[in-house]
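Q: with the input below, show me the fold.
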Amino acid sequence: MSLRPTLLWAQRKQVLHLKIELSDVSNPQIALTENKLTFSGQSHCHNYALDIHFFAPINVEESRYTVGARHIQFQIRKKEEGWWDACLKDKAKPAFLKVDWSLWKDEDEDVEPASMPIADDFNDFGDEPADDGPVDDEPPAEGADSDDDSEDADLEDLDPKETAEASEKMEPVALPETAVQA
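A: Here you go, the predicted model:
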């Protein structure tokens, strides 16, 4: 009997990203049709198999996959552009199917990076002007912390004899006995 590998998924309008999490796969057998993905292979002395039906048709000719050392990754081109309600035709979520959060984007996030506005000046946030602190060429303001140790020169080192004497003067404290009930 074959085990089922974990299948991660994420999508964009045009592409479905799938990742079979299985390391060191030997003898991978992969069949991709317009409506179905079939996989079988061996990993660490175990047989694995997967047979899924896609939510909608895909373009097999423009779809690609790679077999890596840690996983098998698919970039599957959708036949019709748009967001799918689910990865699989069967709406019930099987235990082996999980969201690939590293690739996940919501519909409203699927915007090309070149068209996204880039905010490089956050000083307009809030009513107060931004205080960027002193520039390296400026001396620190009076009373401000500095990184030099000139102030530390006035501090006296702790005398190890005084610390030992203080601990010898400490008196032991008697802890109250607690009654143990049987």
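
Q: max-length strand in this protein?
A: Criterion DSSP state E: the longest strand present in the chain is strand 58-67.

Q: now that strand: average pLDDT?
A: Average pLDDT, strand 58-67: 95.

Q: which SS state does W104 fall under?
A: The three-state label given to W104 by DSSP: H, G, I helix; E, B strand; the rest coil is coil.

Q: the residue nearest to W104 when sequence neighbours are not counted: neighbour count?
A: Leaving out its chain neighbours, the residue that sits closest to W104 by Cβ to Cβ, 6 or more residues apart in numbering is A10, at 4.6 Å. Where you see a C-beta, it was placed from the backbone N, CA and C, and this is true even at glycine. A10 has 17 neighbouring residues, counting by other Cβ atoms under 10 Å.

Q: cool, and P28?
A: P28: 16 surrounding residues under other Cβ under 10 Å.

Q: swap in I76?
A: Close neighbours of I76, defined as other Cβ under 10 Å, add up to 21.

Q: ok so it is a helix residue?
A: No - looking at I76 with three-state DSSP, it is strand, so not inside a helix.

Q: hmm, P57 and it touching each other?
A: No - in this structure I76 lies outside contact range of P57 using Cβ atoms under 8 Å: 10.7 Å.
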